[in-house]
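Asks: I'd like to go over a predicted model; first the sequence, then the structure.
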Amino acid sequence: MHKFLGGAAAAAITLAFASEALATEWNVSLWGKRRAFTEHVEKLAELVSEKTGGEFTLNISYGGLSKNKENLDGISIGAFEMAQFCAGYHRDKNRTITVLELPFLGVSNLDEEVAVSHAVYAHPAVQDELAQWNAKLLMTSPMPQYNIVGTGEPRDKLADFEGMRVRATGGLGKAFEAIGAVPTSVTATEAYQAMESGTVDTVAFAQHAHLSFGTINQAAWWTANLNPGTVNCPVVVNIDAYESLSDAEREALDSSIPEAIDHYLTNYGELLAKWDGILEEKGVKKVEISEDELAAFRAKAADPIRAAWIADMESQGLPGQELYDLVVKTLEETRGGS
């Protein structure tokens, strides 16, 4: 009897280890804290776990696995299986994606941002470039047009931007530079301290980030309609990890992306609906830029920066014109223009 119980116990332990071995756990590297910007990843983790009965789980870490500027490097060496990063953090590593950060692309809402991002992500040249980092593009993190918060007197004319120190990355930084501002590319997590210390006068973010990183608490004013562009921040997975998934696991992951994005859009829409109330509560003045000033901004930043970007990409053997045309075509199709 004692031997039988010992055998049964051993069998139970063996079964437990076998079940554990069959389970798949992925580590996911994000930064900051849970916020509107990460809700699609949170939803993806929830859906994947539900669809696989808990046999495939995504363990989300906010800053515990890597610095935000090093997430793509971490993916490339398999330090974790999934990560979010922003193209402007390392433009040389993801040159093709930066088409989505060109100023004044004309993207007017989050649905359009999803459409143009995923169209670009599907382009072979983009996929090939990210594959050099062992990264597969999974989904975008759509953000509205950036606007700036600032200290001191409101800046509502282009002349006021001369010499302004602004936290702005990627194409946004180039746009502000074109009108005489001085961009700096401190990370999102460093922006509050940069503003508090006076290293920058202003910070360009989407609404959720002004809240999450506290820059709204330093602000005296916010531009309501500057809308120079946005930053593109994909969620990627390690290719080896993705290809090692079972068919059922891969299906659970891939099929959950549309619902995760829908959840993100709904959640972000709720934040945007509350934004005016948040400004009022914090005593932040809403600044409207005149159409004449905006037109002058576009004249200095849009066409010249786009032409320079296309020429730079083409000189490196990348399809710059084709990628830009893809964005324009996708916008037209999304609006029913073709």
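Replies: Now that the structure is in, tell me what you want to look at.
Asks: which residue ranges form the helices in the stretch 101-250 of the chain?
Replies: If DSSP state H, counting those that start in this stretch is used as the criterion, the helices of the stretch 101-250 of the chain fall at 110-121, 124-131, 170-178, 188-197, 207-212, 239-243, 247-282.
Asks: Let me know the angle separating the second one from helix 110-121.
Replies: With axes from the mean of the first three to the mean of the last three C-alpha atoms, to 10 degrees applied, the angle from helix 124-131 to helix 110-121 works out at 80 degrees.
Asks: which other residues reach helix 124-131?
Replies: Helix 124-131 is contacted by residues 94-97, 120-121, 136-137, 236, 239, 318-319, 322-323 when judged by C-beta atoms under 8 Å, 6 or more residues apart in numbering. The way it works is simple: take the backbone N, C-alpha and C, and place the C-beta from them, glycine included.
Asks: Likewise for the fifth one?
Replies: Among residues not part of helix 207-212, those counted as contacts by C-beta under 8 Å, 6+ apart are 32-33, 35-37, 143-144, 147, 149, 188, 191, 203, 215-216, 219, 222, 268, 271-272, 275, 278.
Asks: 10 Å instead?
Replies: Helix 207-212 has contacts (C-beta atoms under 10 Å, 6 or more residues apart in numbering) with 32-39, 143-149, 188-189, 191-192, 203-206, 215-219, 222, 231, 267-268, 271-272, 274-275, 278-279, 282, 284.
Asks: Likewise for the fourth one?
Replies: Where contact means C-beta under 10 Å, 6+ apart, the residues beyond helix 188-197 that reach it are 31-33, 37, 63, 67-69, 86, 89, 149-151, 165, 167, 169, 184, 186-187, 199-205, 209-210, 212-219, 231, 233.
Asks: And the buried ones among the contacts of helix 124-131, selectable in PyMOL?
Replies: For the buried members of the contacts of helix 124-131, the matching PyMOL selection, counting by 16 or more other C-beta atoms under 10 Å, is:
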select buried, resi 94+95+96+97+120+121+136+137+236+239+318+319+323
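Asks: Just the ones of the contacts of helix 124-131 in strands?
Replies: Secondary-structure check on the contacts of helix 124-131 using DSSP state E: residues within strands are 136-137, 236.
Asks: could I get those residues as JSON lines with pLDDT?
Replies: Converted to JSON lines, these look like this (pLDDT from 0 to 100):
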{"residue": "K136", "pLDDT": "98"}
{"residue": "L137", "pLDDT": "98"}
{"residue": "V236", "pLDDT": "98"}
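Asks: closest to V116 among those residues?
Replies: The nearest member of the ones in strands among the contacts of helix 124-131 to V116, counting by C-beta to C-beta, is L137 at 13.5 Å.
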